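1. sequence below, structure please.
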Amino acid sequence: MTASSDLAKMNARLVRCTDCPRLVAWREEVARTKRRKYIDERYWGKPVPGFGDPEAPLVILGLAPGAHGGNRTGRAFTGDRSGDFLYAALHRAGLANQSTSTHRNDGLVLRGVYITLAARCVPPDNRPTPDEVLQCGSWLDRELAILRPRAILALGAVAWDAYVAHAQRHGVEIPRPRPRFAHGATTDLGSVTLLGCYHVSQQNTQTGRLTEAMFDHELRQAIAAATRLPP
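-> Numbering: from 1, shown residues only. Model (predicted):
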């Protein structure tokens with residue numbers, strides 16, 4: 001079995017997940033009511049699988065699908081402003097064959113990086129509960145067991161904490177004090193380097209809290225950690 005086929009089998013089960021009633025209800029309501037701009041489109045409205053290179057040494061871990069991005073298109077960070085920012089950066093870094101991500105079949109190919117989410121269903125107000133993130137952790141556990149990355153770039157505190165919890169579930173000794181999220185933070189958890197970066201949300205990128213230069217820097221650090229080469 002290959003990593004690609006193992007991921008495909010896992011994702012076939014993932015998209016049928018109904019473990020979190022609040023998230024199931026919300027993802028389906030958003031898919032039914034739609035945004036006027038996309039009224040003629042058929043929304044995905046299901047859990048959103050990870051996407052990218054199954055042999056990648058680097059995983060970018062986000063928060064959850066956007067209501068009218070991933071929940072509409074079925075691919076993480078696709079079809080919204082967050083994706084515009086993220087995939088343009090991956091293209092600049094040579095990790096993507098194009099700078100845009102508009103739908104699942106747009107020809108985008110990632111090399112050396114895989115993107116996934118702490119919560120696979122869109123949450124109300126973009127805020128999954130701790131229990132929902134924990135419930136989704138079983139999917140993250142399975143996914144990372146297949147991918148076996150060397151570095152994780154966590155976009156925001158929820159993603160950071162989700163990975164620390166994953167490491168703890170797998171017997172990794174967690175440093176004390178417990179590693180806390182910060183932009184530019186880094187910690188080694190077992191054989192994996194965890195790096196923190198502000199989320200690529202429109203709120204962060206449009207206010208200047210996260211600039212292209214800031215993200216490019218953190219991405220270079222993550223690539224270096226994943227490849228064991230200097231940035």
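2. what pLDDT does the most far-flung residue of the chain relative to its centre get?
-> Within the chain, the residue lying farthest from the chain centre (Cα atoms, centre = their mean) is residue 40, at 27.1 Å. What the model reports as pLDDT for residue 40 is 95.
3. sec struct for it, please.
-> Classification of residue 40 using DSSP: H, G, I helix; E, B strand; the rest coil returns coil.
4. tell me the helix or strand right after the top helix by length along the chain.
-> In the chain, taking DSSP state H as the definition, the longest helix is helix 130-147. Downstream of helix 130-147, the first helix or strand assigned by DSSP states H and E is strand 151-155.
5. can you check what angle separates that next one from helix 130-147?
-> Strand 151-155 runs at 150 degrees relative to helix 130-147, counting by axes from the mean of the first three to the mean of the last three Cα atoms, to 10 degrees.
6. can you give me the helices in this protein?
-> 3-14, 21-33, 70-73, 81-92, 130-147, 157-169, 202-207, 212-227.
7. any chance of those in TSV, plus mean neighbour count?
-> Bear in mind the C-beta positions are built from the backbone N, C-alpha and C, glycine included. Below are these laid out as TSV (neighbours: other Cβ atoms under 10 Å):
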stretch	mean neighbour count
helix 3-14	15
helix 21-33	16
helix 70-73	26
helix 81-92	20
helix 130-147	18
helix 157-169	21
helix 202-207	15
helix 212-227	18
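8. would you turn those helices into JSON lines with distance to residue 99 and mean pLDDT?
-> JSON lines is the format used below for these (distance: least, Cβ to Cβ, whole Å; pLDDT from 0 to 100):
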{"stretch": "helix 3-14", "distance to residue 99": "24", "mean pLDDT": "97"}
{"stretch": "helix 21-33", "distance to residue 99": "27", "mean pLDDT": "98"}
{"stretch": "helix 70-73", "distance to residue 99": "17", "mean pLDDT": "98"}
{"stretch": "helix 81-92", "distance to residue 99": "4", "mean pLDDT": "98"}
{"stretch": "helix 130-147", "distance to residue 99": "24", "mean pLDDT": "98"}
{"stretch": "helix 157-169", "distance to residue 99": "23", "mean pLDDT": "98"}
{"stretch": "helix 202-207", "distance to residue 99": "15", "mean pLDDT": "96"}
{"stretch": "helix 212-227", "distance to residue 99": "12", "mean pLDDT": "98"}
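9. of these, which is nearest residue 55?
-> Of all the helices of the chain, helix 3-14 sits nearest to residue 55, with 6.2 Å by Cβ to Cβ.
10. same for the closest one, what does it pack against?
-> helix 130-147 (3 or more Cβ pairs under 8 Å, 6 or more residues apart in numbering; DSSP states H and E).
11. which other helices and strands contact the helix it packs on?
-> Secondary elements touching helix 130-147 (3+ Cβ pairs under 8 Å, 6+ apart): helix 3-14, strand 58-62, strand 113-117, helix 157-169.
12. relative to helix 3-14, how tilted is it?
-> Using the same axes, to 10 degrees, helix 130-147 lies at 150 degrees relative to helix 3-14.
13. who's in contact with helix 130-147?
-> Contacts with helix 130-147, where a contact means Cβ atoms under 8 Å, 6 or more residues apart in numbering, come from 3, 6-7, 10, 14, 17, 19-20, 22-23, 47, 50, 54, 56, 59, 61, 114, 116-121, 123, 128, 158, 161-163, 165-166, 169-170.
14. do you know how far the nearest residue to residue 90 once chain neighbours are set aside is from residue 77?
-> Using Cβ to Cβ, 6 or more residues apart in numbering and skipping residues adjacent in sequence, the residue nearest residue 90 is residue 96, 4.0 Å away. Distance from residue 96 to residue 77, counting by Cβ to Cβ, to the nearest Å: 11 Å.
15. before I go, just wanted to say thanks for your time.
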